[in-house]
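Chemist: fold the stuff below for me.
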Amino acid sequence: MTIEPENLVIELLRAVRADVAEMRSEQREQRVRLAAIERHLAHLERDGAEFRAEIGGRFDRIHDRIERRLDLSDQPA
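Modeler: A predicted model of the protein is given here:
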C-alpha cells in the first residue's frame, strides 16, 4: 500500500508547523535571556559610574590634604 500524495503533504506541513513552533519557543526564551543580560549590564554600568564618582571624590580629598600638608595650597588650613 502506498501513501497518498495528499497525506504526505499534510504530514510534511505538520512537521514544518512543529518545527516553527519549536523555533518560536526558543526565540521567546532567548529574548528573556537577552533582557536579563541587558538588565545586568545596566546595573554594572551604574555600579561602575558610582564607583568612579566615589573614587574621584576620595582622590580629590587626598589631593587637597597633601597640598595642605606640603603648604602647596593657597587656601587656609
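
Chemist: from R46, how far out is R33?
Modeler: To R46, R33 is 21 Å away according to C-beta to C-beta, to the nearest Å. All C-beta atoms are positioned from the backbone trio N, CA, C, and that covers glycine.

Chemist: ok, now R17?
Modeler: Using C-beta to C-beta, R17 is found at 44 Å from R46.

Chemist: can you check R24 too?
Modeler: 33 Å.

Chemist: which residue is nearest the centroid of this protein?
Modeler: Centroid-nearest residue in the chain: E38, 2.5 Å away (criterion: C-alpha atoms, centre = their mean).

Chemist: off-centre distance for the helix or strand hosting E11?
Modeler: Assigned by DSSP states H and E, E11 belongs to helix 5-69. Computed by C-alpha atoms, centre = their mean, to the nearest Å, the chain-centroid distance of helix 5-69 equals 2 Å.

Chemist: assign a three-state SS to D71, would you?
Modeler: Applying DSSP: H, G, I helix; E, B strand; the rest coil to D71 yields a three-state assignment of coil.

Chemist: pLDDT at it, what is it?
Modeler: Per-residue pLDDT puts D71 at 84.

Chemist: how about R65?
Modeler: 90.

Chemist: same check, this time on the one 10 residues further on
Modeler: Note on Q75: pLDDT of 61.

Chemist: what does V32 give?
Modeler: 98.
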